[in-house]
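In: I'll drop the sequence and a predicted model, then ask my questions.
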Amino acid sequence: MPTTVLRKLSAFALGTAICSTLIAGPGFGQDVGDSGAYLAARVAETENDFRSAAVWYGKAILADPGNLRLLEGALLAQIGVGDLDLAKDVAARLKELGGTSQLAEFVLLADAAAREDYPALLAEADGGRDLGLLVEDLVTAWALVGSGRMTDALARFDAMTKTKGLEAFGYYHKALALASVGDFEGADKILSGEAAGPIYVMRRGVLAHAQILSQLERNADALDLLDRSFGAEPDPMLDSLRARLTAGEPVPFDTVASARDGLAEVFFSVATALNGDADPVLTLLHTRIATYLRPDHTDARLLSAQLLEALDQPDLAVSTYALFKPDDPAFVTAEIGRAGALQAQGNTDAALEALRTLAKSHGDLIIVQSSLGDLLRVEKRFDEAEAAYTAALNLVTEAQPEQWILYFYRGICHEQSLDWASAEADFRAALALNPNQPQVLNYLGYGLVDRGEKLDEALGMIERAVAADPEKGYIIDSLAWALFRLGRYDEALAPMEKASVLEPVDPVVTDHLGDVYWKVGRTLEARFQWHRALSFDPTEKDAERIRRKLEVGLDAVMADEGAKGPKPVEAVENGN
């Protein structure tokens, strides 16, 4: 789908296209029976802790089974956990009590769709069900497909293509519907742009088009489409498809094999449009329904796990990623995600074990080696991280601009291991691929200043980094600190103060500000900033140096150090 359409949708969705969770009814405003359980549930809900919220709402409902507010909260929590079977019972109870809840309507729709009760879906639409314009139109069209009324369904899709903001959804789902009943020629005309101009689709849409081309005995065109869309690098989610196409095998169209699959695709399409622009909980609602209707919907399950990570629910994310089996084409992607969620749990050993195991079974994939390197680097195991990045770079056949980051991260590992010559070579290799990358310019530029080498070039690099990303406090700090190290204290003052505004509680930036103040004669302000830096939990080594400055002054400390001060804030301290 075109990016412009997706941007329109995100705003449109929060208005009429997508529902918000609303409830009304005779029991909504009443007090709750177990206020303690209710308050605990609300706290858990605020923190997106769906498991705890479900438990506490359940307890509160036992004391007050007719309270619509509690039922609505329990409904949201159960969807968040992914228990749609229990959620549908709560939704039915809520509706039975007279509550009006769009969230309940979504769950009851999912239940009817899972039972393939298409007449019920159409009857609810005629009865004034409120799902929002986009979902309502798509659901009704697919229910018509399921009822055998293909002509009416196509008319509904066509009407969407004439509705501002919904055009791409109408075309895309019409193509899927045509393919689902064997009209691959009609589907290809839409997806190729022959019917109504270019239709830009997400990754899943490209794969669907490749399957359609294969059904038309056009495997060569399908391979060309994959190469143009994704490049030729190894990708476990594409490799099996490429192999079948290359062998001349007719690949079946299974993206949407039934109306129920089409309804699952409705919710996934909306989720991808909302993702990144709407509340992640709203997006998760759609991916949960998609996987309820189609448990093998790989993309919806992956997105659910990623959303759970974004919502700071690593436990649920880990369990969702763990659903992928080793023979699933998405297993590698899921295992990398699971490792990240395990790390977020604080279970670094398990995360490393997952990635090391993956490196043994899929060590020929750049993403596997680089992901292992990333985790090791964050854990400050730089020698091991360097080996992983080297393994990743050894797999590169023709360097691409986006691979600058592999050289950059390996360079950091070399630098942290005190191998500056190798670090500089990697940083320059990164700049050869991406000449204006501000992180690389900043890191290499300051490294040269710190060593007293190539000072004009180094300062120029940092100035270019600032120009490329003028609101990053750590880069402004590097510029100020480079000027400080060059003895240009008055020039260092303005950028150092700006860096402090951008990074107001960073101990290193605050410490540097104190040093600059000291050198321009503002010693009282310098001591104040050093005291502030100590309150921001610096490393013990930095804290010891700050306390020494408070005791004897900066000049004495620098004399003891041979006039060499500390390094600037590092952009990659936390793996960023």
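Out: Yep, that arrived. Values in this document were obtained by computation on a predicted structure and should not be read as measured data.
In: okay but Phe230 is in contact with Leu238, surely?
Out: Yes: contact criterion CB atoms under 8 Å: Phe230 and Leu238 qualify, at 6.2 Å. C-betas here are computed from N, CA, C, even on glycine.
In: higher neighbour count, the two?
Out: For Phe230 versus Leu238, the count of surrounding residues by other CB atoms under 10 Å is larger for Leu238: 22 against 15.
In: wait, doesn't that one sit right on Asp227?
Out: No: in terms of CB under 8 Å, Leu238 does not count as a neighbour of Asp227; the distance is 9.9 Å.
In: other SSEs contacting the host helix or strand of Ala60?
Out: Of the helices and strands defined by DSSP states H and E, Ala60 is found in helix 50-63. Using 3 or more CB pairs under 8 Å, 6 or more residues apart in numbering; DSSP states H and E as the contact criterion, the neighbours of helix 50-63 among helices and strands are helix 35-46, helix 68-81, helix 314-321.
In: neighbouring contacts of that helix?
Out: Here helix 50-63 makes contact (CB atoms under 8 Å, 6 or more residues apart in numbering) with 32-34, 37-38, 40-41, 44-45, 67, 70-71, 73-74, 76-81, 83, 313, 315-316.
In: how near is the most centrally placed residue in the chain to Lys162?
Out: Taking CA atoms, centre = their mean as the criterion, Gln306 is the residue nearest the geometric centre of the chain, at 5.9 Å. Separation of Gln306 from Lys162 (CB to CB, to the nearest Å) stands at 34 Å.
In: And Ala344, by the same measure?
Out: Per CB to CB, Ala344 is found 45 Å from Lys162.
In: ranges for the strands of the stretch 251-400 of the chain?
Out: When secondary structure is read from DSSP state E, counting those that start in this stretch, the stretch 251-400 of the chain shows no strands.
In: low-confidence ranges in the stretch 1-150 of the chain?
Out: 1-33 (pLDDT under 70).
In: rerun at 50
Out: With pLDDT under 50 as the threshold, the stretch 1-150 of the chain has low-confidence stretches at 1-29.
In: Equivalent analysis for the chain, please.
Out: Across the chain, residues meeting the criterion (pLDDT under 50) sit at 1-29, 566, 568-576.
In: right, and the helices and strands packed on helix 50-63 - which one's nearest Leu534?
Out: Nearest to Leu534, of all those, is helix 314-321, at 32.3 Å by CB to CB.
In: Next up, phi/psi of Thr100, please.
Out: As for Thr100, its main-chain torsions (degrees, to the nearest 10) stand at phi -120, psi 110.
In: isn't the residue nearest to the centre of the chain right up against Gly337?
Out: Yes: taking CB under 8 Å as the contact criterion, Gln306 and Gly337 are neighbours in contact, 6.7 Å apart.
In: overlap in contacts of those two?
Out: Counting by CB under 8 Å, 6+ apart, the contacts common to Gln306 and Gly337 are Ala317.
In: Could you list the domains of the protein?
Out: As given by automatic domain parsing, the domain ranges for the chain are 1-14+132-297, 438-560.
In: need these in a markdown table with distance to Leu97, can you?
Out: Output for the domains of the chain, formatted as a markdown table (distance: least, CB to CB, whole Å):
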| stretch | distance to Leu97 |
| --- | --- |
| domain 1-14+132-297 | 22 |
| domain 438-560 | 49 |
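In: Run through who's touching stretch 446-464.
Out: 415, 420, 423-424, 427, 436, 438, 441-442, 444-445, 475, 478-479, 481-483, 485-486, 567-568.
In: just how off-centre is it within its chain?
Out: 34 Å (CA atoms, centre = their mean, to the nearest Å).
In: residues near Gly276, how many?
Out: The criterion is other CB under 10 Å. On that basis, Gly276 has 11 neighbouring residues.
In: Please apply the same query to Glu402.
Out: Using other CB under 10 Å, Glu402 is surrounded by 9 other residues.
In: Just say helix, strand or coil for it.
Out: helix (DSSP: H, G, I helix; E, B strand; the rest coil).
In: residue ranges for the helices of the stretch 51-200 of the chain, please.
Out: Counting by DSSP state H, counting those that start in this stretch, residue ranges of the helices within the stretch 51-200 of the chain are 68-81, 84-96, 102-114, 118-126, 133-146, 150-161, 167-180, 184-192.
In: Please produce JSON lines containing the ones you listed, extended by mean neighbour count.
Out: Conversion of those to JSON lines gives the following (neighbours: other CB atoms under 10 Å):
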{"stretch": "helix 68-81", "mean neighbour count": "25"}
{"stretch": "helix 84-96", "mean neighbour count": "19"}
{"stretch": "helix 102-114", "mean neighbour count": "23"}
{"stretch": "helix 118-126", "mean neighbour count": "17"}
{"stretch": "helix 133-146", "mean neighbour count": "24"}
{"stretch": "helix 150-161", "mean neighbour count": "17"}
{"stretch": "helix 167-180", "mean neighbour count": "24"}
{"stretch": "helix 184-192", "mean neighbour count": "20"}
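In: Quick one: those as JSON lines, columns for distance to Gly363 too.
Out: Converted to JSON lines, these look like this (distance: least, CB to CB, whole Å):
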{"stretch": "helix 68-81", "distance to Gly363": "35"}
{"stretch": "helix 84-96", "distance to Gly363": "38"}
{"stretch": "helix 102-114", "distance to Gly363": "40"}
{"stretch": "helix 118-126", "distance to Gly363": "48"}
{"stretch": "helix 133-146", "distance to Gly363": "42"}
{"stretch": "helix 150-161", "distance to Gly363": "45"}
{"stretch": "helix 167-180", "distance to Gly363": "36"}
{"stretch": "helix 184-192", "distance to Gly363": "35"}
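In: between these, which gets nearest to Leu493?
Out: When the helices of the stretch 51-200 of the chain are ranked by distance to Leu493, counting by CB to CB, first place goes to helix 68-81 at 50.2 Å.
In: what's the angle between that closest one and helix 35-46?
Out: In terms of direction (axes from the mean of the first three to the mean of the last three CA atoms, to 10 degrees), helix 68-81 departs from helix 35-46 by 40 degrees.
In: list the helices and strands helix 68-81 packs on?
Out: Other elements packing on helix 68-81 under the criterion 3+ CB pairs under 8 Å, 6+ apart are strand 23-24, helix 35-46, helix 50-63, helix 84-96, strand 100-101, helix 102-114, helix 280-293.
In: Which of the ones you listed sits closest to Val206?
Out: Nearest to Val206, of all the helices and strands packed on helix 68-81, is helix 280-293, at 18.4 Å by CB to CB.
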